[in-house]
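Colleague: Model the following, please.
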Amino acid sequence: MKKKVCKKCKIFVDGSNCPLCKGNQFSTNWQGRLYIIDPNKSMIAEKIGAKAKGEYAIKVK
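Modeller: Numbers count the residues shown, from 1 in each chain. Reported below is the predicted structural model:
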């Protein structure tokens, strides 16, 4: 089973609400993964707009 990804934040979600935006719009159609360890020091996190540590999808449909 594919993991759910928040369509707005692109973070992987286990529950029924996104931990970042509190939304409930999810997709199981995603490509690629990014692991953000320290969003304050990561240039990639800045580029994708990631504000929190976690696992993100690169492309969400």
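Colleague: is the residue nearest the centre of the chain in a bridge, and if so with what?
Modeller: Ranked by distance to the mean C-alpha position of the chain (C-alpha atoms, centre = their mean), the top residue is Ile11 at 1.5 Å. For Ile11, the beta-bridge partners under DSSP bridges are Tyr56.
Colleague: packing partners for the lowest-mean-pLDDT helix or strand in the chain?
Modeller: The weakest-scoring helix or strand in the chain, judged by mean pLDDT, DSSP states H and E, is helix 43-48 (a mean of 92). Contacts defined by 3 or more C-beta pairs under 8 Å, 6 or more residues apart in numbering; DSSP states H and E place helix 43-48 against strand 30-36. (Each C-beta comes from the backbone N, C-alpha and C, glycine too.)
Colleague: centre of the chain versus stretch 6-23, how much separation?
Modeller: 7 Å (C-alpha atoms, centre = their mean, to the nearest Å).
Colleague: In that stretch, which residues are buried?
Modeller: 6-7, 9-13, 18, 20 (16 or more other C-beta atoms under 10 Å).
Colleague: Next, the distance between the ends of it.
Modeller: End-to-end span of stretch 6-23 (C-alpha to C-alpha, to the nearest Å): 8 Å.
Colleague: contacting residues around that stretch?
Modeller: 3-5, 24-27, 30, 48, 50-52, 54-58, 60 (C-beta atoms under 8 Å, 6 or more residues apart in numbering).
Colleague: Among the residues you listed, which are located in helices?
Modeller: Residues of the contacts of stretch 6-23 located in helices (DSSP state H): Ile48.
Colleague: buried ones in stretch 23-37?
Modeller: 26, 30, 34, 36.
Colleague: Can I get those residues in JSON lines including pLDDT and distance to Met43?
Modeller: As requested, the buried residues of stretch 23-37 are exported to JSON lines (pLDDT from 0 to 100; distance: C-beta to C-beta, whole Å):
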{"residue": "Phe26", "pLDDT": "97", "distance to Met43": "27"}
{"residue": "Trp30", "pLDDT": "95", "distance to Met43": "22"}
{"residue": "Leu34", "pLDDT": "95", "distance to Met43": "12"}
{"residue": "Ile36", "pLDDT": "96", "distance to Met43": "11"}
